[in-house]
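>>> quick check, what structure comes out for this input:
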Amino acid sequence: MTSTKEEVEVAYDVSNEFFRLWLDERMHYTCAVYEKDTDTLEQAQENKSKVLYDYAELTPEKTVLDIGCGWGANLEYLVRRGVKEAHGITLSSAQYEEINARKIPNMRAWCTDYKDYAPANKYDALVSIEMIDHLCSPAQAAKGQAVDIYRKYFNRVAEWIKPGGLFAFQAILRNRVPRTKNDISDLKFTADVIFPGGLNPRLEELIMAVNPSWEILELKTRRTHYGKTTGEWLRRMKLHEKDIRTKYGDKTFDEYDRYLSTCVRAFHNHWSSDVQMKLKHIVID
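Numbers count the residues shown, from 1 in each chain. Below is the predicted model of the structure:
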């Protein structure tokens, strides 16, 4: 099963203002794309949304659904860049409140599990950014169920798109397993405490799971980009250490310091990576 609403809210409902302290100005909580060494985090997040907009081949005449839309940062980009209508779904109540507070034009969002979502009309394109890590638990993966769970997801969302439509997809990946007990403990802490109930997929699992509904047209990994992104999050959070400890407690700061520091090491040491895929809905004549 997917992460429960309660587990998702552990990950994202600490406080919108807490995340606003250290994410970029629009609150993307996913891997940015650094096209130049001089890119700010804000510019790199715009670059990420641009890649996915282009992967989906969106235009001002097309409709799009963002699956796992966070606080609405990518939805804002889609509308600003040009779409006929943008929809989003999230399982986080705090994120849903933030999306509505932004009053994004030509946009509608729902607070729901993707399994319960039933669009009134098929979309021209889909976007999903690092939502799939909430679908398969470590226990399910240990039983060899991961590919089947991911395949059911890809088959399900394929029902929501017009024949031959495009899906701009992004996911965090797990790669190598670290060698020391401390490193393994830190990764387990991140999974169990910060993102309970979830697990990052392996790239080969995703490649198997997109079949039979989707064809991979393009694939780009972003390991170093995510290392830089998490490093910048950590730097910004530390700038607000005093305020965070005062408003949210020592435990919150210490846990997020450990989590973000672990992420930086994970991407540097190839324990983790990130992938962007351009997928095309397969239609058999």
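>>> show me where the stretch 1-150 of the chain has its strands.
Counting by DSSP state E, counting those that start in this stretch, the stretch 1-150 of the chain has strands at residues 63-67, 85-90, 107-111, 123-129.
>>> wait, which of these is closest to Arg156?
Smallest distance to Arg156 across the strands of the stretch 1-150 of the chain (CB to CB): 10.0 Å, for strand 63-67. Bear in mind the C-beta positions are built from the backbone N, C-alpha and C, glycine included.
>>> for the chain, give me the ranges with low pLDDT.
1-13 (pLDDT under 70).
>>> list the contacts for the spatially most central residue of it?
Residue closest to the mean C-alpha point of the chain, counted by CA atoms, centre = their mean, is Glu130 at 2.3 Å. Contacts for Glu130 were tallied using CB atoms under 8 Å, 6 or more residues apart in numbering; they are 30-31, 68, 170-172, 274.
>>> mind giving me CSV with the strands of the stretch 1-150 of the chain and columns for distance to Asn47 and mean neighbour count?
Below are these laid out as CSV (distance: least, CB to CB, whole Å; neighbours: other CB atoms under 10 Å):
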stretch, distance to Asn47, mean neighbour count
strand 63-67, 17, 24
strand 85-90, 19, 24
strand 107-111, 21, 18
strand 123-129, 13, 24
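>>> those strands into TSV, with extra columns for distance to Asn200?
Shown next, in TSV, are the strands of the stretch 1-150 of the chain (distance: least, CB to CB, whole Å):
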stretch	distance to Asn200
strand 63-67	17
strand 85-90	19
strand 107-111	24
strand 123-129	13
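>>> nearest to Leu52, out of these?
strand 123-129 (5.4 Å).
>>> for the closest one, name the packing helices and strands.
For strand 123-129, the contact count by 3 or more CB pairs under 8 Å, 6 or more residues apart in numbering; DSSP states H and E identifies helix 41-55, strand 63-67, helix 73-81, strand 161-174 as packing neighbours.
>>> make it 6 Å
strand 63-67, strand 161-174 (3 or more CB pairs under 6 Å, 6 or more residues apart in numbering; DSSP states H and E).
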